[in-house]
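Chemist: Turn this into a model:
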Amino acid sequence: MTDTTTEAEPVRARLRDLNDPVIPVLFGLTVFMSAALVFVVQPMVTKLILPSLGGSPAVWNTSMVFFQGALLAGYGYAHLLQRIRSLQAQVIVHLVLLVIAALFLPLQVSGVFGEPDPGAPITWLLLTLAASIGAPFAVLSATAPLMQAWYARVRVNEPDGKNPYVLYAASNLGSFLALLSYPVLIEPFLTLSGQRIGWSVGYGLFAALVVLLLFAVWKRRGQAGGAAPLAATSPISWRTRGLWVLLAAAPSSLMLGVTAHLSTDVASAPFLWVIPLALYLLTFVIAFQARPWIPMPATFLVQAALVSSMIGMMPFQSGDWAFMFLVHIAAFFFTALMCHQLLAARRPPPDRLTEFYLLLSLGGVLGGIFSALIAPVVFDVVREYPLVLILTALLRPWGQGRFTRTQWALLLAILPLTVGPPMLYAALRTNPELLAMVGWDTALSASRLAFLAAGICAFLLRDRAVLFAAALTMISLSAHHVAERYDFRYTERSFFGVMRVAEFNDPGMGGMVHMMMHGTTLHGAQALDPVEACKPALYYAPSTPIGQVADAVQIDRPAVSMGVIGLGAGAMAGYRRPADDITFFEIDPMVDRVARDPRWFTYISDCAQGPVATVLGDARLTLAREPDNRFDLLLVDAFSSDAIPTHLLTREAIAEYLRVVKDDGVVILHLSNRHLELAMPTVNAARQLGAFDRHQIFVERDGLPVMAEASTEALILSPTEAGMALFENDPRWKTIAPNDVRAWTDDYVNVVGAIMREMRFSRGG
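Modeler: Model prediction:
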């Protein structure tokens, strides 16, 4: 028999020798693993909770506020734990809390608070996250500052013990790699069930590493100097503490601003959420290195160039999306890096380490609260993103001495460059002859050139923080006045996004037309001319796939029961005949209120020939309460801007749609999207359920009024072949060829694949 005691003795001897390389590796591995667990769980849990809140981009931003708050709680606990002088006692306390937090595993969304209230979803979301993941997340979050504090005490007699901040780089590297692995390795290949189990196993392995550290630290007792509390240094001034908070708050706020901008126009999906967060963490890795990859002077230079060029382009929604995305991401990255390098340059001695991280976390929470909770109430459109970007200019060098004449001249040169474009657009809106002569496209190009010139002037002021911020402010205010060619008559903002009612002169439709805009996408339009007012327009026109199906079903049946997921301007109400009934399923009370306001739209109040019902809440939840065989026709059209609530296109969602339509009923899925190919996974999910399907890509015709119709992609489904009988001989409706794209489910969604397919098809591949 092998003597296990003899075999174990060399390992114990190495652990007793805390100057051995095993100890730094053990600390680094523990920090790395805790950080990976902390950050991989964020997109995972938010993805689990998305279906309850309609897939809104605000779900991620609000969730980020929760995670930042839990991080603050963890850092606060780490700071308070330092009051216990015994290092061994600190490790034991932390291990006990890890065991208690493990009682909340495996991960799942807690149902203790019931279903969310669409009128007040934020409270429900925060409470549900706290009940689902709060305890293990907060305890794990404390690991990074705790390990650095313990490392400084254990390695006090070693050179590396003087700079425990290198472990912070390891922590952020673990976070960065975990986030990158989520969209590339975890989300495409693992179901949500597999992700939950894998994370719980990882939590157990991390707890085992903490036990090893406990053993190592325990063996340290009695050795002189090694684990004693560090000598206190001079107190930190309140001015420095305030600067730490501000330098941490700005990148946090900008991260949520970039995320909201990106997820509003593509998809509410972890693939897009993790990009800004991963870059945010990468800036920490770079900033807290002993020798940063990017020196601070280079950061200042590149950040000024990017912000100067972007601030005038920010309000413009046209142009190459990929290019604009890269510019936004690059500007955010270098601005966050600038702030974090300034923080790293001001980091305190090791005995003040946990206080430093506590204040950094506080800044992160405040930045998140401002962008996710305060700004949507204060601003009717997304103004917080450019505002914070401009304010970060004040963190740059202020320069020495008085402003020079050249600097004042540059600032004054920006004035005509920024005043000119708004004056030109105002003249075009009120002068049809001038508009016909100049044209919107020419005015747009001229404005962009003016803003580019103003940006160059701003860049030359980069070494004067106040003048640089003033220049950026002038450019931003002017750009927001000229970016849109429409006259906005009403704007309102809710948890689910910004909704605006615009007015547009379309002579072919009798003059003025009211349009509902959500993000960058039209969600309905209505002519004010009484002759044209009750004719559904854009995607809902009789010539489009949606209109074709509505007309065909109504011609076939004297009375039709219609369900519509997504209200928009209420255009589908224009199809309601006296014998029909129609029910809208809408998650945002704001949309329902505006669609029913006759000042803006009258499809519901005047055009519908009978009452129109609205059921508020996420359609996956509210539709489940509807009886079987309820509708002859069900339209699924619930996308805000170009963002896709992917949970409405899964196999489980489609099964619910097929359940509530009659055996010969029809489901229409509106799949138009600029960035994602959605038809293949959706039709494959439907075919797995035995449904019959047809597909159409409709291209709007030339020579019609601007708002008359819109290009549309749609997929129709029916539980039986009888439901497809109306369309089987219609050449406009075709069958999608069999393909190997994996169907989406509640347990599996691959947004990356949808983006890649759309890119390939758009290039003719």
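Chemist: which stretch of helix or strand covers residue 126?
Modeler: In this structure, residue 126 is located in helix 121-141 according to DSSP states H and E.
Chemist: what comes up buried for that helix?
Modeler: Applying a neighbour-count criterion of 16 or more other C-beta atoms under 10 Å, one finds 121-122, 124-130, 132-141 buried in helix 121-141. In short, each C-beta sits where N, CA and C put it, glycine included.
Chemist: now swap in stretch 382-399 and tell me
Modeler: 382, 384-393, 395-396, 399.
Chemist: ok, these vs residue 443, which is closest?
Modeler: Set against residue 443, the nearest of the buried residues of stretch 382-399 by C-beta to C-beta is residue 386 (21.7 Å).
Chemist: returning to that earlier point: now the element after the helix holding residue 126, going C-ward?
Modeler: Downstream of helix 121-141, the first helix or strand assigned by DSSP H and E is helix 143-154.
Chemist: hmm, back to that, determine how far the helix holding residue 126 lies from the middle of the whole chain.
Modeler: For helix 121-141, the gap between its own C-alpha mean and the chain's C-alpha mean amounts to 18 Å (C-alpha atoms, centre = their mean, to the nearest Å).
Chemist: So which elements touch it?
Modeler: When contacts are defined as 3 or more C-beta pairs under 8 Å, 6 or more residues apart in numbering; DSSP states H and E, helix 121-141 sits against helix 22-49, helix 57-81, helix 87-101, helix 192-218.
Chemist: Farthest-apart pair in the buried residues of stretch 382-399, please.
Modeler: So, these by C-beta to C-beta: farthest apart are 382 and 399, at 31.5 Å.
Chemist: Quick check: residue 609 is in a helix.
Modeler: No - residue state for residue 609 (DSSP: H, G, I helix; E, B strand; the rest coil) corresponds to coil; a helix is not indicated.
Chemist: Could I get the contacting residues of it?
Modeler: For residue 609, the contacting residues are 576, 577, 578, 580, by C-beta atoms under 8 Å, 6 or more residues apart in numbering.
Chemist: Weed out the non-buried ones from the residues you listed.
Modeler: The buried subset of those (16+ other C-beta under 10 Å) comprises 576, 580.
Chemist: For the contacts of residue 609, give me a markdown table that also has secondary structure and distance to residue 348.
Modeler: Formatted as a markdown table, the entries for those read as follows, by DSSP: H, G, I helix; E, B strand; the rest coil; distance: C-beta to C-beta, whole Å:
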| residue | secondary structure | distance to residue 348 |
| --- | --- | --- |
| 576 | coil | 68 |
| 577 | coil | 73 |
| 578 | coil | 75 |
| 580 | coil | 70 |
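Chemist: Looking at the contacts of residue 609, which is nearest residue 98?
Modeler: Distances from residue 98 to the contacts of residue 609, taken by C-beta to C-beta, are shortest for residue 576, at 58.8 Å.
Chemist: one step back: now render the contacts of residue 609 as TSV, adding distance to residue 551 and pLDDT.
Modeler: What follows is these, written out as TSV (distance: C-beta to C-beta, whole Å; pLDDT from 0 to 100):
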residue	distance to residue 551	pLDDT
576	13	94
577	11	93
578	17	94
580	13	94
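Chemist: Which members of the contacts of residue 609 are the farthest-apart pair?
Modeler: Longest distance between any two of the contacts of residue 609 is 8.2 Å, between 576 and 578; criterion C-beta to C-beta.
Chemist: Next, show the common contact partners of the two.
Modeler: Residues touching both residue 576 and residue 578 by C-beta under 8 Å, 6+ apart: 609, 610.
Chemist: if we can go back for a sec, adding distance to residue 445 and mean neighbour count, write the helices and strands packed on helix 121-141 out as TSV.
Modeler: What follows is the helices and strands packed on helix 121-141, written out as TSV (distance: least, C-beta to C-beta, whole Å; neighbours: other C-beta atoms under 10 Å):
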stretch	distance to residue 445	mean neighbour count
helix 22-49	39	22
helix 57-81	31	23
helix 87-101	57	17
helix 192-218	47	17
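Chemist: what are the ranges of the strands in the stretch 651-765 of the chain?
Modeler: 661-670, 692-698, 712-718 (DSSP state E, counting those that start in this stretch).
Chemist: which helices and strands sit right next to the second one?
Modeler: Contacts defined by 3+ C-beta pairs under 8 Å, 6+ apart place strand 692-698 against helix 545-556, helix 679-688, strand 712-718.
Chemist: hmm, who's touching the helix or strand just after the first one?
Modeler: Scanning forward in sequence from helix 545-556 by DSSP H and E, the next helix or strand is strand 561-565. Under the criterion C-beta under 8 Å, 6+ apart, residues 550, 572, 575-576, 580-585, 619, 623, 626, 630-638, 648, 660 lie in contact with strand 561-565.
Chemist: what about 7 Å?
Modeler: By C-beta atoms under 7 Å, 6 or more residues apart in numbering, the residues outside strand 561-565 that reach it are 572, 580-585, 619, 630-638, 660.
Chemist: Which of those fall in strands?
Modeler: Secondary structure assignment by DSSP state E places 581, 582, 583, 584, 585, 631, 632, 633, 634, 635, 636 of these in strands.
Chemist: Could you identify the buried members of these?
Modeler: Judged by neighbour count, with 16+ other C-beta under 10 Å as the criterion, the buried members of the ones in strands among the contacts of strand 561-565 are 581, 582, 583, 584, 585, 631, 632, 633, 634, 635, 636.
Chemist: For the fourth one, which residues are in contact?
Modeler: By that I understand residue 584. 564, 567, 612, 613, 614.
Chemist: Select only the buried ones of those in ChimeraX?
Modeler: Selecting only the buried members of those in ChimeraX, with burial defined as 16+ other C-beta under 10 Å, works like this:
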select :564,567,612,614
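Chemist: so residue 122 sits right up against residue 61, yeah?
Modeler: No - with contact defined as C-beta atoms under 7 Å, residue 122 does not count as touching residue 61 (10.3 Å).
Chemist: Let's see the pLDDT reported for the residue nearest to residue 79 when sequence neighbours are not counted.
Modeler: The spatially closest residue to residue 79, leaving aside those adjacent along the chain, is residue 354, at 4.1 Å (C-beta to C-beta, 6 or more residues apart in numbering). On pLDDT, residue 354 comes in at 77.
Chemist: Could you list the buried residues of the helix or strand containing residue 354?
Modeler: Under the assignment given by DSSP H and E, the secondary-structure element containing residue 354 is helix 353-369. Counting neighbours by 16+ other C-beta under 10 Å, one finds that the buried residues in helix 353-369 are 353-369.
Chemist: what is the orientation angle of that helix with helix 143-154?
Modeler: If you take axes from the mean of the first three to the mean of the last three C-alpha atoms, to 10 degrees, helix 353-369 sits at 170 degrees to helix 143-154.
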